[in-house]
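Chemist: Give me a 3D structure for the following:
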Amino acid sequence: MPSMGARQDSASREEFTALTAFRGFAALLVVVFHYSGSFLPNLVFTDYTEFFEKGYLWVDFFFLLSGFVISHAYGRKFVEGVRWEGFKQFAFARLARIYPLHAFVLLGFLLLELVRVPLYDAGYLHTQPFTKDMSPYLLGLNFAMLQTTALADRLSWNGPAWSIGAEWVVYLVFPLLAVTLMRRGWRRFLVPLAVAAAGLVLISQGGRDLDVTYDFGLLRCLFEFLGGVMLYRLFTTGRMTVLRRDWVPLVILALLLGAMHLGLPDLLAPLLMAVLILALAANTGRVGRALSWRPFTWLGQISYSVYLSHMLVLQIVLTVSRVLLEHRLGRFLDPLQSVLALLVFLGGIVALSALLYRHVDCRVDRRFSAAASRGATSMAAAPRSAILHSDREVALSKGWPD
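Modeler: This is a model prediction of the structure:
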């Protein structure tokens, strides 16, 4: 059997394009989940299915995928131990990947809140700006990515970004996890996997409800990220040959969609998602080729921007509709009009995300790469593949939402 190092060398050359594409679909489903609530109140899916009502579970897919991909990109770096220089390189690389867009979108929220001040004074808005979930204190926590560290008592500012804060904390723990988990025999990781599963049961009311965010969201992320690390270890054993068959991801996906449609206990979703990640990573058949279609992988590449920006778009539309219509826009739309509006918003969010990806994400990538190549940081001495991701790898390893 090839060694762990040999298998990781092989894995480093693999392109998980199917996972990249699926991540894009998951991001869009999170958008539908947030937009089909009070924002579009006449868009009621629950009369027919619980699938969209369970849209928060796609964040669990992101956490599992993040553990898988971070192990793929960085696991070998910490197998022999954690040194300060290596830890600093890893932390800086991860911060450079997730923080610029997070901060940029937060600045957008701050600008919107400043615009709301005169609108409130003029009587157009009923909620005073910079209060409640938009307080300066909570803004500081969001900029510091500490919104899931028991310092906040609610979701705030860019609500979905709670997962970014949770992932940042987990990133800082990853090197210690790698020392423990990346060099042991594969059978031994069944124990930490059981611990992760038990932890999820505890924070989800016995597996029924995983919609925990600012309160237990950090634990939710940690347990599922740990599960993703274990998935990667299992993947590198090469024992998952049955998962390469095309029918496997299709059956697992059907079970996952069925469980969400029926509103079954939430814990079933990450379990099925874990198997789906393995199946998509291993598949080289028709399913993998179909998901490698360029528009699908492009959607996966911009998925981080989709996830972080969609709530800002929602808040802008709410503010404008309050001023012009005195009520939320969705109140004036019937079900068919609400569906059409949702499609328009999805298209607009994708277009905005493409711009953010090009002018924020990629621009930061270029500057970071240039700094490393000039030796401006100690990372310049390390292999580029261990520090910087290509566009394909970035699409996989951007946190949250890795």
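Chemist: And the helix or strand harbouring Tyr171, what does it pack against?
Modeler: Tyr171 is part of helix 162-181, with elements assigned from DSSP states H and E. Helices and strands touching helix 162-181, by 3 or more CB pairs under 8 Å, 6 or more residues apart in numbering; DSSP states H and E, are helix 58-74, helix 84-121, helix 217-236. C-beta here means a position set from N, CA and C on the backbone, and glycine is covered the same way.
Chemist: repeat that for 10 Å
Modeler: Judged by 3 or more CB pairs under 10 Å, 6 or more residues apart in numbering; DSSP states H and E, helix 162-181 is in contact with helix 58-74, helix 84-121, helix 136-143, helix 190-203, helix 217-236, helix 303-325.
Chemist: Most tightly packed of these?
Modeler: Of all these, helix 58-74 has the most neighbours on average by mean count of other CB atoms under 10 Å, namely a mean of 27.
Chemist: Buried ones in the helix holding Tyr171, by neighbour count?
Modeler: Residues of helix 162-181 classed as buried by neighbour count (16 or more other CB atoms under 10 Å): 162-168, 170-171, 174-175, 177-178, 181.
Chemist: Turn those into a markdown table, including distance to Arg286 and pLDDT.
Modeler: Output for the buried residues of helix 162-181, formatted as a markdown table (distance: CB to CB, whole Å; pLDDT from 0 to 100):
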| residue | distance to Arg286 | pLDDT |
| --- | --- | --- |
| Trp162 | 37 | 96 |
| Ser163 | 32 | 96 |
| Ile164 | 35 | 96 |
| Gly165 | 39 | 95 |
| Ala166 | 36 | 96 |
| Glu167 | 33 | 96 |
| Trp168 | 37 | 96 |
| Val170 | 35 | 95 |
| Tyr171 | 35 | 96 |
| Phe174 | 34 | 93 |
| Pro175 | 38 | 92 |
| Leu177 | 35 | 85 |
| Ala178 | 34 | 86 |
| Leu181 | 33 | 81 |
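Chemist: Looking at those, which is nearest Glu85?
Modeler: Checking the buried residues of helix 162-181 against Glu85 with CB to CB, the nearest one is Pro175 at 11.7 Å.
Chemist: my read: the closest one touches Glu85, true?
Modeler: No: counting by CB atoms under 10 Å, Glu85 is not a contact partner of Pro175; they are 11.7 Å apart.
Chemist: Could you tell me which residues touch both of those two?
Modeler: Residues touching both Pro175 and Glu85 (CB atoms under 10 Å, 6 or more residues apart in numbering): none.
Chemist: I figured Ala197 was touching Phe223, is that so?
Modeler: Yes: contact status for Ala197 versus Phe223: in contact at 7.7 Å, counting by CB under 10 Å.
Chemist: what residues are shared contacts of those two?
Modeler: Joint contacts of Ala197 and Phe223 (CB under 10 Å, 6+ apart) are Pro270.
Chemist: Figure out which of the helices and strands packed on helix 162-181 is closest to Ala21.
Modeler: With CB to CB as the criterion, Ala21 lies closest to helix 303-325 of those, at 9.4 Å.
Chemist: The closest one vs helix 84-121, what angle?
Modeler: 10 degrees (axes from the mean of the first three to the mean of the last three CA atoms, to 10 degrees).
Chemist: Would you mind identifying the next helix or strand past helix 303-325?
Modeler: helix 335-356.
Chemist: which helices and strands sit right next to that next one?
Modeler: Going by 3+ CB pairs under 10 Å, 6+ apart, helix 335-356 lies up against helix 17-35, helix 84-121, helix 294-301, helix 303-325.
Chemist: could you dump these to a markdown table with mean pLDDT and distance to His72?
Modeler: Listed next are the helices and strands packed on helix 335-356 as a markdown table, based on pLDDT from 0 to 100; distance: least, CB to CB, whole Å:
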| stretch | mean pLDDT | distance to His72 |
| --- | --- | --- |
| helix 17-35 | 95 | 10 |
| helix 84-121 | 93 | 14 |
| helix 294-301 | 95 | 15 |
| helix 303-325 | 95 | 17 |
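Chemist: Below-threshold pLDDT in the chain: ranges please.
Modeler: 1-15, 184-188, 365-402 (pLDDT under 70).
Chemist: from what I can see Tyr74 touches Phe90, true?
Modeler: Yes: counting by CB under 10 Å, Tyr74 does reach Phe90; the two are 6.0 Å apart.
Chemist: and Thr131, how far is that from Lys88?
Modeler: 39 Å (CB to CB, to the nearest Å).
Chemist: Looking at the helices and strands packed on helix 162-181, which is nearest to Thr284?
Modeler: The closest of those to Thr284 is helix 217-236. By CB to CB, the value is 13.4 Å.
Chemist: For the very next helix or strand once past that closest one, buried residues please.
Modeler: Scanning forward in sequence from helix 217-236 by DSSP H and E, the next helix or strand is helix 247-262. Buried residues in helix 247-262, counted by 16+ other CB under 10 Å: 248-249, 252-253, 255-256, 259-260.
Chemist: Need those in TSV (columns: distance to Tyr214).
Modeler: As requested, the buried residues of helix 247-262 are arranged in TSV below (distance: CB to CB, whole Å):
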residue	distance to Tyr214
Val248	36
Pro249	33
Ile252	31
Leu253	30
Leu255	31
Leu256	26
Ala259	26
Met260	23
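Chemist: wait, which of those residues is closest to Met230?
Modeler: For those, the nearest to Met230 is Ile252 (17.3 Å; CB to CB).
Chemist: who's in contact with the closest one?
Modeler: 243, 272-280.
Chemist: Could you do Ser38 as well?
Modeler: 318, 328, 330-331 are the contacts of Ser38 under CB under 10 Å, 6+ apart.
Chemist: With Val82 instead?
Modeler: Going by CB under 10 Å, 6+ apart, Val82 touches 90, 174-176, 178-179.
Chemist: gap between Pro270 and Arg116?
Modeler: Distance from Pro270 to Arg116, by CB to CB: 37 Å.
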